[in-house]
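Visitor: make a model of this:
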Amino acid sequence: MSEGYFVRGLAVRVGDRTIVEDISFSLEPGEIVALAGASGAGKSMSAMTPFGLSTGVASGSAMLDGIELVGLPESELSRIRAERIGFVFQQPLTALTPHRTVRQHLQEAAMQAGGARPDKAAMVAMLEAVGLSRPEERLAQYPHRLSGGERQRVLIAAALAHGPRYLVADEPVSALDAALRGEIMALLVRLCRERGMAMLLVSHDLAGIEHHADRLLLLESGKVAEAGPARQIATAPATDYGQRLMAATPRLSEPLQSLPETGEILLEAAGVHVHFTKPGWRRGRIDAVVDADVTLAKGETLALVGGSGSGKSTLGRAIAGLGPMASGTVRWQGEPLPPRNRRTAELRRLIQPVFQDPLASLDPRWSVADIILEPVKWLVSEAYRTEQAQDLLEEVGLPRDFARRKPASLSGGQAQRVAIARALAANPAMLLLDEATSALDPLVADGVVTLFDRLQRERGLSLLFITHDLALARRTAHRIAV
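Guide: Residues are numbered from 1 along each chain as shown. Predicted coordinates for the structure are as follows:
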């Protein structure tokens with residue numbers, strides 16, 4: 001039997017559309033191969049379809065340890081997945097079952113190939129292997145009690161619980177802050193090297209791939225644009241497409257860009273304190289934000305930067321009136337802002353949010369026009385509703401006929417532009433951008449950042465930009481608060 005994973009002439013169709021065409025690569029034992037490219041390039045489809053984990057239909061050849069995967073019935077694919085492969089997904093909170101403890105996740109994963117139920121010592125060892133602190137305590141916890149990095153470590157432990165020979169990691173770190181991204185990728189690489197596992201890594205982060213993959217395939221529109229050593233392509237791509245991807249990735253070494261002029265102070269937050277009650281019978285209190293002071297001027301971008309769990313989003317939501325605030329004051333042009341439930345419509349429209357996961361923030365049952373005009377539907381007559389939504393779509397760089405679409409037909413970048421159009425519908429003075437580009441690939445994220453810059457100049461908007469990307473903050477912000 002020939003060991004390794006060998007893909008030859010792989011094509012993937014969804015309905016009558018060809019999503020992936022003529023993809024070929026090999027993955028030897030102990031090797032790390034990365035599939036990179038912009039959104040819609042076919043990375044995840046190429047990685048997941050041969051294993052039966054996508055809506056696509058594969059053709060061509062995908063041989064795993066001498067077994068042809070293409071055309072296998074689901075029962076056989078399920079057995080092969082359980083015996084030989086571990087999967088690490090992008091969003092650990094949705095990949096983990098919310099009503100199951102960490103212990104139950106590890107037990108299920110370890111037993112999927114017919115193995116014995118692991119004892120407590122074995123599960124503690126699994127969590128220690130992925131660097132999770134207080135492993136005995138974690139076994140009884142549910143996913144919502146863990147931070148993003150902790151959930152990702154649990155997901156990796158579950159993926160490795162049955163001793164797989166191959167690991168498929170689909171954007172495993174894109175939703176994490178910079179420090180955690182490095183830690184999790186270093187952990188995955190170390191585990192592969194120590195255990196002799198091979199890893200197929202799907203990522204749009206060229207800078208991260210450069211240090212962690214052996215070989216790289218750069219995909220564009222479902223085809224291989226270039227392939228070769230990861231470090232060579234990530235640092236000096238030969239194709240125009242690769243060069244555009246690299247240029248769109250913010251770097252701390254790039255020269256500073258000119259930013260719009262700022263005006264008088266619009267928003268002043270002083271002594272903001274937010275706390276939450278601990279779950280469980282012992283109770284107690286978690287101080288999420290303590291005595292935070294923030295000012296924001298007209299036309300200014302303030303980047304709020306910090307690691308996962310540092311309180312960035314909690315502070316931003318408190319300032320915007322979208323979350324609790326135990327104490328402190330928020331003033332708008334010198335006047336105190338009351339809690340959101342006591343604000344007039346005029347005060348509520350001043351600050352509008354744009355969230356991290358664009359598709360999750362849009363109601364899947366509504367048309368794009370209804371979504372965009374939701375904040376002001378009581379102000380817009382039926383006759384002019386579609387026309388106003390189309391004008392806003394045009395302003396954010398989308399075709400006017402998108403007004404009739406549903407969110408399911410939008411890409412991540414298109415969905416985020418719709419979310420921005422919805423925020424603009426209320427004619428706000430300030431946007432709260434909560435990790436508004438972290439789920440997007442570099443090209444799409446660069447386009448969205450450019451859109452924010454244009455809207456800020458044209459509308460005089462103030463932006464509170466919550467991000468874990470220090471290079472992006474340096475590129476876009478007048479000031480940074482850590």
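Visitor: who does the host helix or strand of residue 433 touch, helix- and strand-wise?
Guide: In the assignment (DSSP states H and E), residue 433 maps to strand 430-434. If contacts are counted by 3 or more CB pairs under 8 Å, 6 or more residues apart in numbering; DSSP states H and E, strand 430-434 sits against helix 312-320, strand 351-354, strand 462-467. For glycine as for every other residue, the C-beta is placed from the backbone atoms N, C-alpha and C.
Visitor: closest one to residue 155 among those?
Guide: Nearest to residue 155 among these is helix 312-320 (21.3 Å), distances taken as CB to CB.
Visitor: what are the pairing partners of the strand or helix carrying residue 199, and which direction each?
Guide: Assessed by DSSP H and E, residue 199 sits inside strand 198-203. Strands flanking strand 198-203 in the sheet, each with its direction: strand 32-36 (parallel), strand 166-170 (parallel) (DSSP bridges).
Visitor: off-centre distance for it?
Guide: Relative to the chain's own centre, strand 198-203 is displaced by 17 Å; criterion: CA atoms, centre = their mean, to the nearest Å.
Visitor: contacts for it?
Guide: Residues outside strand 198-203 that contact it (CB atoms under 8 Å, 6 or more residues apart in numbering) are 4-5, 27-36, 43-44, 47, 165-174, 188-189, 192, 209, 212-213.
Visitor: cool, and stretch 229-237?
Guide: Against stretch 229-237 from outside (CB under 8 Å, 6+ apart): 34, 206-207, 209-216, 218, 226-227, 242-243, 245-246.
Visitor: stretch 3-17 too?
Guide: With CB under 8 Å, 6+ apart as the criterion, stretch 3-17 contacts 18-29, 42, 45-46, 49-50, 54-66, 70, 166, 198, 200, 222.
Visitor: weed out the non-buried ones from those residues.
Guide: With neighbours counted by 16 or more other CB atoms under 10 Å, the contacts of stretch 3-17 contain buried members at 19-21, 23, 25, 27, 42, 45-46, 49-50, 54, 56, 58-64, 70, 166, 198, 200, 222.
Visitor: next, the buried residues of the lowest-mean-pLDDT helix or strand in the chain.
Guide: When the helices and strands of the chain are scored by mean pLDDT, DSSP states H and E, helix 92-95 comes last with a mean of 77. By 16+ other CB under 10 Å, the buried positions in helix 92-95 come out as 92, 95.
Visitor: stretch 197-206 too?
Guide: For stretch 197-206, the neighbour count (16+ other CB under 10 Å) marks 197, 198, 199, 200, 201, 202, 203, 204, 205, 206 as buried.
Visitor: how much space between the third one and residue 458?
Guide: To tie it back to what came earlier, the one meant is residue 199. Counting by CB to CB, to the nearest Å, the separation of residue 199 from residue 458 is 45 Å.
Visitor: neighbours of residue 317, how many?
Guide: 20 (other CB atoms under 10 Å).
Visitor: hey, where'd the helices end up in the stretch 301-450 of the chain?
Guide: 312-320, 345-348, 368-372, 382-395, 412-425, 442-459 (DSSP state H, counting those that start in this stretch).
Visitor: okay if I get these as CSV plus distance to residue 299 and mean pLDDT?
Guide: CSV is the format used below for these (distance: least, CB to CB, whole Å; pLDDT from 0 to 100):
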stretch, distance to residue 299, mean pLDDT
helix 312-320, 18, 92
helix 345-348, 20, 85
helix 368-372, 24, 93
helix 382-395, 18, 85
helix 412-425, 16, 91
helix 442-459, 7, 91
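Visitor: how about the ones you listed in JSON lines, adding distance to residue 466?
Guide: Formatted as JSON lines, those follow (distance: least, CB to CB, whole Å):
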{"stretch": "helix 312-320", "distance to residue 466": "5"}
{"stretch": "helix 345-348", "distance to residue 466": "20"}
{"stretch": "helix 368-372", "distance to residue 466": "22"}
{"stretch": "helix 382-395", "distance to residue 466": "23"}
{"stretch": "helix 412-425", "distance to residue 466": "14"}
{"stretch": "helix 442-459", "distance to residue 466": "13"}
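Visitor: residue nearest the middle of the chain, spatially speaking?
Guide: What sits nearest the mean C-alpha location of the chain, by CA atoms, centre = their mean, is residue 439, with 3.1 Å.
Visitor: and the strand holding residue 433 with helix 412-425, angle?
Guide: 150 degrees (axes from the mean of the first three to the mean of the last three CA atoms, to 10 degrees).
Visitor: picking that back up, can you tell me which of the contacts of stretch 229-237 are buried?
Guide: The buried subset of the contacts of stretch 229-237 (16+ other CB under 10 Å) comprises 34, 206-207, 209-210, 212-216, 218, 226-227, 242, 245-246.
Visitor: pLDDT check: weakest of those residues?
Guide: Ranked by pLDDT, those bottom out at residue 207 (74).
Visitor: which ones are touching that residue?
Guide: With contact set as CB under 8 Å, 6+ apart, residue 207 has these partners: 234, 249, 251.
Visitor: pLDDT value on the residue nearest to residue 252 when sequence neighbours are not counted, please?
Guide: Spatially, and ignoring its direct neighbours in sequence, residue 252 is nearest to residue 471 (4.9 Å; CB to CB, 6 or more residues apart in numbering). Per-residue pLDDT puts residue 471 at 86.
Visitor: residue 231 - how many residues pack around it?
Guide: 15.
Visitor: please identify the buried residues of the helix or strand hosting it?
Guide: Here residue 231, judged by DSSP H and E, is contained in helix 230-235. Neighbour counts over helix 230-235 (16+ other CB under 10 Å) mark 230, 233, 234 as buried.
Visitor: how about the helix or strand that it is followed by as PDB, C-alpha atoms only?
Guide: Going down the chain from helix 230-235, the next helix or strand is helix 240-248, by DSSP H and E. The C-alpha coordinates for helix 240-248 follow below in PDB (Å, rounded to 0.1, in the frame of the first residue of the first chain):
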ATOM      1  CA  ASP A 240       0.300  39.000 -10.400                       C
ATOM      2  CA  TYR A 241      -2.400  37.300  -8.300                       C
ATOM      3  CA  GLY A 242       0.100  36.200  -5.600                       C
ATOM      4  CA  GLN A 243       1.700  39.600  -5.600                       C
ATOM      5  CA  ARG A 244      -1.700  41.300  -5.000                       C
ATOM      6  CA  LEU A 245      -2.500  38.900  -2.200                       C
ATOM      7  CA  MET A 246       0.800  39.700  -0.500                       C
ATOM      8  CA  ALA A 247       0.400  43.500  -1.000                       C
ATOM      9  CA  ALA A 248      -3.100  43.300   0.500                       C
END
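Visitor: how far away from the center of its chain is helix 240-248?
Guide: 20 Å.
Visitor: residue contacts, residue 214?
Guide: Applying CB under 8 Å, 6+ apart, the residues near residue 214 are 31, 32, 33, 229, 230.
Visitor: mind doing that once more with 7 Å?
Guide: 31, 32, 33, 230 (CB atoms under 7 Å, 6 or more residues apart in numbering).
Visitor: residue 25 is in contact with the third one, correct?
Guide: Meaning residue 33. Yes. Using CB atoms under 7 Å, residue 33 is in contact with residue 25, at 6.1 Å.
Visitor: and the strands paired with strand 198-203, which is most packed in?
Guide: Ranked by mean neighbour count, these are led by strand 32-36 with a mean of 25 (mean count of other CB atoms under 10 Å).
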